[in-house]
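S.K.: turn this into a model:
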Amino acid sequence: MTRIAIHQPEHLPWLGYLDKARKADLFVLLDTVAFKKNYFENRNRIRTPQGWGYVTVPVLTKGHFGQAFPDVEINNRTRWAEVYWRTLSQNYSKAPHWKTFGPDLERIFARPWARLLDINLALIEFLWSAFRIATPTRRASTLGAAGKKSELLLDICRKTGATVYLSGPSGRGYLEEKLFVDAGIGVEYHEFRHPEYAQLFSPFVPGMAAVDLLLNEGPEGIRRLDSPGA
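M.R.: Numbers count the residues shown, from 1 in each chain. Below you'll find the predicted structure:
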């Protein structure tokens, strides 16, 4: 059995994203679809003393409605990287694993970035490495898959030799399962139970970017996903 998960290359993704990847044999980064404004493609949430706040990479959207993800340019007319890094530092410099992983993050944000996709891929690679996630990734743009919505997902499954497609839970509302069944590909839905873990501030707030777990509990923290009730 070959289980495939497919997802947009989100920015500094959360734990549910990583959990889905860990349960797949291949994680396909859907970099061929349109960019979604005000979603988690150029921002995500981190823990702050007040609760949570966004860290955001500003992008150029005026006059670019419906632009494909690889075409999205970062708005480098602002000093966004300095603001972003300062926000991370202020909120996580006292975290137990900041000294270990902070320098790696700093190097990422010190690099000049022109396109959103590139920094997103760099951060995903960082998280895979830090948490020792063995699931390989592949960009959809390298597969030559065609179609829209369910047909596109099905063609990606075909191109990668999938026998099972692992969909997000929202797929129950839009996925045309019959297409997959007729193609001999099973469909499963990812179920995620959010674990509770040590954060710098109380009370615990779920739904943060995965770096929150990494900086607080280190690489071994990923085991929390296997026993979320523990």
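
S.K.: switch to C-alpha atoms for all contacts and neighbour counts from now on
M.R.: Noted.

S.K.: who's residue 139 bridged to?
M.R.: residue 29 (DSSP bridges).

S.K.: how about the helices in the chain?
M.R.: 15-22, 80-92, 98-110, 116-130, 150-160, 177-182, 211-217 (DSSP state H).

S.K.: what's the closest of these to residue 69?
M.R.: helix 116-130 (6.7 Å; Cα to Cα).

S.K.: in that closest one, which residues are buried?
M.R.: Going by neighbour count (16 or more other Cα atoms under 10 Å), the buried part of helix 116-130 is 116, 117, 119, 120, 121, 122, 123, 124, 126, 127, 128, 130.

S.K.: before we move on, what about stretch 153-169?
M.R.: For stretch 153-169, the neighbour count (16+ other Cα under 10 Å) marks 153-158, 160, 162-168 as buried.

S.K.: could you do stretch 168-188 as well?
M.R.: Of the residues in stretch 168-188, 168, 171, 175, 177, 180, 185, 186, 187, 188 count as buried by neighbour count, 16+ other Cα under 10 Å.

S.K.: from these, which is closest to residue 137?
M.R.: residue 168 (16.9 Å).

S.K.: okay, the residue with the largest distance to the centre of the chain and residue 176: tell me how far apart.
M.R.: Distance from the centre of the chain peaks at residue 182, with 30.1 Å (Cα atoms, centre = their mean). The spacing between residue 182 and residue 176, counted by Cα to Cα, to the nearest Å, is 11 Å.

S.K.: residue 130 now?
M.R.: 36 Å.

S.K.: what's the answer for residue 45, then?
M.R.: To residue 176, residue 45 is 32 Å away according to Cα to Cα.

S.K.: again, but for residue 146
M.R.: Per Cα to Cα, residue 146 is found 16 Å from residue 176.

S.K.: got it, and residue 143?
M.R.: According to Cα to Cα, residue 143 and residue 176 sit 21 Å apart.

S.K.: which intervals of the chain have sub-threshold pLDDT?
M.R.: 229-230 (pLDDT under 70).

S.K.: look up the closest residue to residue 20, ignoring the ones flanking it.
M.R.: residue 190 (6.5 Å; Cα to Cα, 6 or more residues apart in numbering).

S.K.: how near is the one you found to residue 59?
M.R.: As for residue 190, its distance to residue 59 is 30 Å (criterion: Cα to Cα).

S.K.: so which of these two has more stuff around it?
M.R.: residue 190 (20 against 16; other Cα atoms under 10 Å).

S.K.: who touches that one in this structure?
M.R.: Listed by Cα atoms under 8 Å, 6 or more residues apart in numbering, the contact partners of residue 190 are 20, 166, 167, 168, 169.

S.K.: quick one: contacts for the fourth one?
M.R.: Residue 168 makes contact with 189, 190, 191, according to Cα under 8 Å, 6+ apart.

S.K.: go with 10 Å
M.R.: When contacts are counted by Cα atoms under 10 Å, 6 or more residues apart in numbering, residue 168 touches 5, 6, 7, 16, 17, 20, 175, 188, 189, 190, 191, 192.

S.K.: my guess is residue 6 contacts residue 25, does it?
M.R.: No - counting by Cα atoms under 10 Å, residue 25 is not a contact partner of residue 6; they are 11.1 Å apart.

S.K.: between the two, what contacts are shared?
M.R.: Common neighbours of residue 6 and residue 25, counting by Cα under 10 Å, 6+ apart, are 137, 166.
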